[in-house]
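K.L.:
Give me coordinates for this.
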Amino acid sequence: MSPLALPSSPTSSICRSAACWRPQALSPLFWAALQNTLGDVFSGVVLNLAKPYHPGDWIILDGGIQGSVVETDWRATHILTPDNDLAIIPNSIIAKAKLINASQPMRAHGLTIIVRLEPTVTPSGGRVALQSALLSCNRILRTPAPIVAVRSLDAVAMEYEIQFFVSNIDQGPDAQTELFDLVFRHCKSAGIRLAPPSGAPRRLRRASRGQKLQICRGACSITLRSSPRFRRTSASISRQR
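P.N.:
Now for the predicted structure:
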């Protein structure tokens, strides 16, 4: 007697289809997209636990991207750049990048500028003029105190390094512009000229009126001495003496 054949149910057909399913059937592109998504999710979890930055902090990435953090979600971090553009950076990229948080541990941000002056005064004299410019600048902080240091000195220029702080990194460009303007004014009032950039060809200055007169007198004296008539006149005068 042959065994009775049981009717096939929809559930059994679904099970047989699932048994035939293999991960290899998926496209490699799908696995790559899934891997990137999982990497962003895990990186977002790590960043949320470590909290290297918060919304409102100014961060600087090693790729040159910088700006204020707007928000951070499970996939990406939204950054408002100085050009008022919104940069959406995947969390996996931020987790691998070198990051500088300019708002931590304090929001005060330090800036450094280089000023070159002609060596017509002593290095301390140039330092006094630059310190006067710093004291006149209203956009920089008094604490931490600004620093003026001489970096190098040669026959062409005295090079100074000026370090100062602003209350927020957003105020850096305005403070730097104001300080350059004050440096120019104080050096001009003190009679100190700005030196050309390092490596630039030196330009000859125009001689003053007194220097021109001295040059003319020297040239006339050389011309007279080289004249034969002047030599004979000088010889006769010396014999009469």
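K.L.:
do you know how far the nearest residue to residue 58 once chain neighbours are set aside is from residue 49?
P.N.:
Of all residues not flanking residue 58 in the chain, residue 102 sits nearest, at 4.4 Å (Cβ to Cβ, 6 or more residues apart in numbering). C-beta here means a position set from N, CA and C on the backbone, and glycine is covered the same way. Going from residue 102 to residue 49 by Cβ to Cβ, to the nearest Å gives 22 Å.
K.L.:
more neighbours, the two?
P.N.:
It is residue 102, of residue 102 and residue 49, that has more neighbours when counted by other Cβ atoms under 10 Å, with 20 against 7.
K.L.:
For the more buried one, give its distance to residue 121.
P.N.:
36 Å.
K.L.:
next one: residue 185
P.N.:
From residue 185 to residue 121 the distance is 16 Å (Cβ to Cβ).
K.L.:
Same question for residue 176.
P.N.:
24 Å.
K.L.:
What of residue 174?
P.N.:
29 Å.
K.L.:
Neighbour count: these two, which is higher?
P.N.:
residue 121 (18 against 11).
K.L.:
Doesn't that one belong to a strand?
P.N.:
No - going by DSSP: H, G, I helix; E, B strand; the rest coil, the assignment for residue 121 is coil, not a strand.
K.L.:
Surely it touches residue 193?
P.N.:
No - counting by Cβ atoms under 8 Å, residue 121 stays clear of residue 193, with 10.0 Å between them.
K.L.:
and residue 107, how many residues sit next to it?
P.N.:
By other Cβ under 10 Å, 15 other residues sit near residue 107.
K.L.:
Nearest residue to it in space, ignoring adjacent ones along the chain?
P.N.:
Per Cβ to Cβ, 6+ apart, closest to residue 107 is residue 168, 5.6 Å.
K.L.:
Quick one: residues contacting that neighbour.
P.N.:
58, 107-109 (Cβ atoms under 8 Å, 6 or more residues apart in numbering).
K.L.:
Return the subset of the residues you listed lying in strands.
P.N.:
Mapping those onto strands (DSSP state E) picks out 58, 109.
K.L.:
so which of the contacts of residue 168 is the most crowded?
P.N.:
Neighbour counts for these peak at residue 58, which has 22 neighbours (criterion: other Cβ under 10 Å).
K.L.:
per-residue confidence at it?
P.N.:
Residue 58 carries a pLDDT value of 91.
K.L.:
Report the backbone C-alpha coordinates of stretch 103-111 in PDB.
P.N.:
Extracted C-alpha coordinates of stretch 103-111, given in PDB (Å, rounded to 0.1, in the frame of the first residue of the first chain):
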ATOM      1  CA  SER A 103      35.900  75.600  22.000                       C
ATOM      2  CA  GLN A 104      37.300  73.200  24.600                       C
ATOM      3  CA  PRO A 105      38.500  73.400  27.400                       C
ATOM      4  CA  MET A 106      37.700  77.200  27.000                       C
ATOM      5  CA  ARG A 107      36.200  79.100  24.200                       C
ATOM      6  CA  ALA A 108      39.100  81.600  24.100                       C
ATOM      7  CA  HIS A 109      41.100  81.000  20.900                       C
ATOM      8  CA  GLY A 110      44.700  81.900  20.300                       C
ATOM      9  CA  LEU A 111      46.100  83.500  17.200                       C
END
